[in-house]
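Participant: Provide a 3D model corresponding to the input given below.
(chains A and B)
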Number of protein chains: 2
Amino acid sequence: MAADRRGKAATLALRRRLLSSSCRLFFPEDPIKIVRGQGQYMYDEQGAEYIDCINNVAHVGHCHPLVVQAAHEQNQVLNTNSRYLHDNIVDYAQRLSETLPEKLCVFYFLNSGSEANDLALRLARQYTGHWDVVVLDHAYHGHLSSLIDISPYKFRGLDGQKEWVHVAPLPDTYRGPYREDHPNPAVAYASEVKRVVSSVQEKGRKIAAFFAESLPSVGGQIIPPAGYFPEVAEHVRRAGGVFVADEIQVGFGRVGKHFWAFQLQGEDFVPDIVTMGKSIGNGHPVACVATTQAVARAFEATGVEYFNTFGGSPVSCAVGLAVLDVLEKEQLQAHAACVGSFLMELLGQQKAKHPIIGDIRGVGLFVGVDLIKDKATRTPATEEADYLVSRLKENYILLSTDGPGRNVLKFKPPMCFSLDNAQHVVAKLDAILTDMEEKMRSCETLRLQPEAALLSPPLEKMKHSTQIHYWDDGHDLQLTEEESH
Amino acid sequence: MAADRRGKAATLALRRRLLSSSCRLFFPEDPIKIVRGQGQYMYDEQGAEYIDCINNVAHVGHCHPLVVQAAHEQNQVLNTNSRYLHDNIVDYAQRLSETLPEKLCVFYFLNSGSEANDLALRLARQYTGHWDVVVLDHAYHGHLSSLIDISPYKFRGLDGQKEWVHVAPLPDTYRGPYREDHPNPAVAYASEVKRVVSSVQEKGRKIAAFFAESLPSVGGQIIPPAGYFPEVAEHVRRAGGVFVADEIQVGFGRVGKHFWAFQLQGEDFVPDIVTMGKSIGNGHPVACVATTQAVARAFEATGVEYFNTFGGSPVSCAVGLAVLDVLEKEQLQAHAACVGSFLMELLGQQKAKHPIIGDIRGVGLFVGVDLIKDKATRTPATEEADYLVSRLKENYILLSTDGPGRNVLKFKPPMCFSLDNAQHVVAKLDAILTDMEEKMRSCETLRLQPEAALLSPPLEKMKHSTQIHYWDDGHDLQLTEEESH
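Facilitator: Numbers count the residues shown, from 1 in each chain, chains lettered A, B, ... in the order given. Predicted coordinates:
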């Protein structure tokens, strides 16, 4: 397969002609053509090496040879549906079960995190006999119709909120109603869910499920206070609902201390349903739903089959098994803990130095840097974050932003991201921030708005370029779903 | 990868423990453990060779070496999301566009037929600003919440019909209201859709889309009369809706005469949206939605991004391209036409010989054999079909049934299915039918119900075995979704 069959401009022109512009590119004003990936690096058609700080799908590293080999070996032998007996699917379910609390012992295999969340919704409704769903504000759970309905991040731009969807505040201790100075933000935020549940019940409606990413990502790399999930689960279960932990972006050892991010919420906490995707197959379309016997039985009792053509195929499961093998063999969970701590430490030093850094939060290789215009108001530094990401790209570092204010730099790199990578990226961040500050100071001297400093290249180029502009139809751009399911 | 790491009973036991019984096995009373696939053959753990007459996913043959190689080459180099420029995605879109009418020129890539139909629904609603959907009776369009809603085959077993879903009769000229003796069944069945559309409008509701498989499969291997789709499209478009052709099971040359099954409906007929899955990646999770500029533009105008994590990855597209290459190189479309005609001819001879065969219908390698108890009533020979499939399995032939009466034998084998395979399978079918007829005659002599003949082994074993019975919870088994999305 020739890595670069045509020039970048020609590829872009074809893309503009044949794909919908709803399918967006990173850096649309000057997109990158990537032709190769290895470990935590991606390479463009000129051979330039980029450090990938954001691709949590390439979990054990781009093109990991053991994963690639496992796919190839199985592809040569058999790739069919799960209506025939095969060892891979049962081996894989068994291996996954070993990572989970004992209660989560029934598995369904699918192709994407979105398919997994849709099934979770069906399971929850069938088991509870209820229909309504409580979600966290700014949440994103997938691109399917049913999931846009439960994703405030999405539905606010579209048809709006359905009457069966209820939104609880994001347990964000930096920007939410209960902050770092609150004596017990876990209980306070959980009480908000209780309040939502009660008001739903008062309307005569019934809760089927509470859905949350174990660490809300699109919401701005949020770390819910420990103890929040168990409290929420209590309120939700009391109303007859189930707790769905969406681990699609954050599972599989990323948080370092634990294999699953929901385990950060307390050793004893067990969701009723866990959904997995993205990292599970290192890029191969694999996803999984794990649930309890009770939930599975209720679904079985309908007598209706669940069949997923590609889900649980020998190849998908071989790939999934290989990812687990590599995680273990290369001790990537411990590695994530170690590199993540180091990264947090380095970023902490930057926070002391650069007032634009309002908050640093993270666990393992899931880290957010919340950029603010002002310490008192915590106003999101949206343009600055945008500018920073663009400057980092020029320095061959792929980083992006999340959060409702698009001001939170997010780190969720392949798990092989190294101490050196952390040092290098933070050094570049430091240099760019220092440069930004200098520019802003000179603007202030000239009595210009400080943001004007950012309108010098490359930001100006970015805002006004028409040369290679992917969207030329003039419509408003909404939030970019930087890393959605 | 050891092909068989444990005995069949051990695999089954693990499966019963770890997977939901909603995920069904073929031949649940004595499931097959398949460890290898090649071309149109599958092999069990003992090395027994089965002829695969049903797997339309392994489109160019199980484990086709060129497809496997393409996946491996690309897997080694890069497998990432479509937010970076890459040649594979544009090459693939271009190649697909060459197979379609010019108007269908915008492409979205996804992981499964279900994801494709869900997106089609979103596109249709956004474009039309309407909500309601007309579907054909017994249709199945996927396992997602939104698609169960538009699948009478599914929703009748679950929550029932939503108020925005409207069902038109299946254009089945063998069992429907307008049959082979009707002067113009295409117009008559299309008038039924017109009637549905009018009654929807009378209620003040508005049609977003008409969804149909170009050849309804689960409905019983139905060949809609030519001219039906263009008529329907006219009625639907007049009401402001769009026509969605679901080619997930039947596209990519299967029908022989054409590359797409909707093209059987008339050279000039162009759907507004075409969905593809299953065969598109020969088992790799790939799917696609093709639509018009107008529909794509309306979706873009929302400003909301469509992002699918794995959809359109360099690997998915490399696999998709390889499937197209093989189809071309091995002239499998022409092959399907030739083998399909031969198969129809052989089956036609059987029809003359065995009164249980009520109807033979098909085009290319999409063939149905409708089994009946009685020529006058056309009562579905459900038990007989079940028995036949079970006997064929003992003869190492994998065939299954479809249709609301589960009495239609369905052929939709890998496209490399040969003349010899056709001859062999039909010879076995003949022998089993002859044997069944003899048994029934002796029952009649003994004044027993003819069906009692089928209760001799192996049917008896099948009905009453408790030895390896996968479902032991006693609930009713519903229709099996033999080949769903």
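
Participant: immediately after the helix or strand hosting residue A:98, which helix or strand?
Facilitator: Applying DSSP states H and E as the criterion places residue A:98 in helix A:87-99. Scanning forward in sequence from helix A:87-99 by DSSP H and E, the next helix or strand is strand A:106-110.

Participant: mean confidence score for that next one?
Facilitator: Averaged over strand A:106-110, pLDDT sits at 98.

Participant: Could you list the alpha-carbon positions for that strand in CSV?
Facilitator: Extracted as CSV, the C-alpha positions of strand A:106-110 are listed here (Å, rounded to 0.1, in the frame of the first residue of the first chain):
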residue,chain,number,x,y,z
VAL,A,106,-22.3,-11.3,31.3
PHE,A,107,-20.8,-10.0,28.1
TYR,A,108,-22.1,-8.7,24.7
PHE,A,109,-19.7,-7.8,21.9
LEU,A,110,-20.3,-5.1,19.4
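
Participant: by how many degrees do it and helix A:87-99 diverge?
Facilitator: For strand A:106-110 against helix A:87-99, the angle by axes from the mean of the first three to the mean of the last three CA atoms, to 10 degrees is 120 degrees.

Participant: contacts for strand A:106-110?
Facilitator: A:82, A:89, A:92-93, A:96-97, A:116, A:119, A:286-293, A:295-296, A:306, A:308, A:311-312, A:316-317, B:18-20, B:22-23 (CB atoms under 8 Å, 6 or more residues apart in numbering or on different chains). Backbone N, C-alpha and C define where each C-beta goes, glycine included.

Participant: how about 7 Å then?
Facilitator: Strand A:106-110 is touched from outside by A:89, A:93, A:96, A:116, A:119, A:287-293, A:296, A:306, A:308, A:311-312, A:316, B:18-20, B:23, with contacts defined as CB atoms under 7 Å, 6 or more residues apart in numbering or on different chains.

Participant: Among these, which are located in helices?
Facilitator: Using DSSP state H, the subset of the contacts of strand A:106-110 located in helices is A:89, A:93, A:96, A:116, A:119, A:293, A:296, A:316, B:18.

Participant: Going by distance to residue A:76, which of these wins?
Facilitator: Proximity of those to residue A:76 (CB to CB) peaks at residue A:316, which lies at 15.2 Å.

Participant: So the closest one sits against residue A:287, correct?
Facilitator: No. At 9.0 Å, residue A:316 does not count as touching residue A:287 under the criterion of CB atoms under 7 Å.

Participant: Would you mark the buried spots in the helix holding residue A:98?
Facilitator: Judged by neighbour count using 16 or more other CB atoms under 10 Å in any protein chain shown, the buried positions of helix A:87-99 are A:87-93, A:96-97, A:99.

Participant: Quick one: the strands in the stretch 151-300 of chain A, in order.
Facilitator: For the stretch 151-300 of chain A, the strands defined by DSSP state E, counting those that start in this stretch cover A:165-168, A:207-213, A:242-246, A:273-276, A:287-291.

Participant: quick one: low-confidence parts of chain A?
Facilitator: A:1-3, A:450, A:453, A:455-485 (pLDDT under 70).

Participant: those helices in it, which residues are they?
Facilitator: A:8-18, A:65-77, A:87-99, A:113-128, A:145-148, A:152-155, A:185-202, A:228-238, A:293-300, A:314-329, A:332-353, A:382-394, A:419-445, A:459-464.

Participant: Would you mind putting those helices into a markdown table with distance to chain B alongside?
Facilitator: Shown next, in a markdown table, are the helices of chain A (distance: least, CB to the nearest CB, whole Å):
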| stretch | distance to chain B |
| --- | --- |
| helix A:8-18 | 4 |
| helix A:65-77 | 4 |
| helix A:87-99 | 4 |
| helix A:113-128 | 5 |
| helix A:145-148 | 4 |
| helix A:152-155 | 7 |
| helix A:185-202 | 20 |
| helix A:228-238 | 20 |
| helix A:293-300 | 5 |
| helix A:314-329 | 6 |
| helix A:332-353 | 18 |
| helix A:382-394 | 12 |
| helix A:419-445 | 18 |
| helix A:459-464 | 16 |
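
Participant: Alright, calling it a day.
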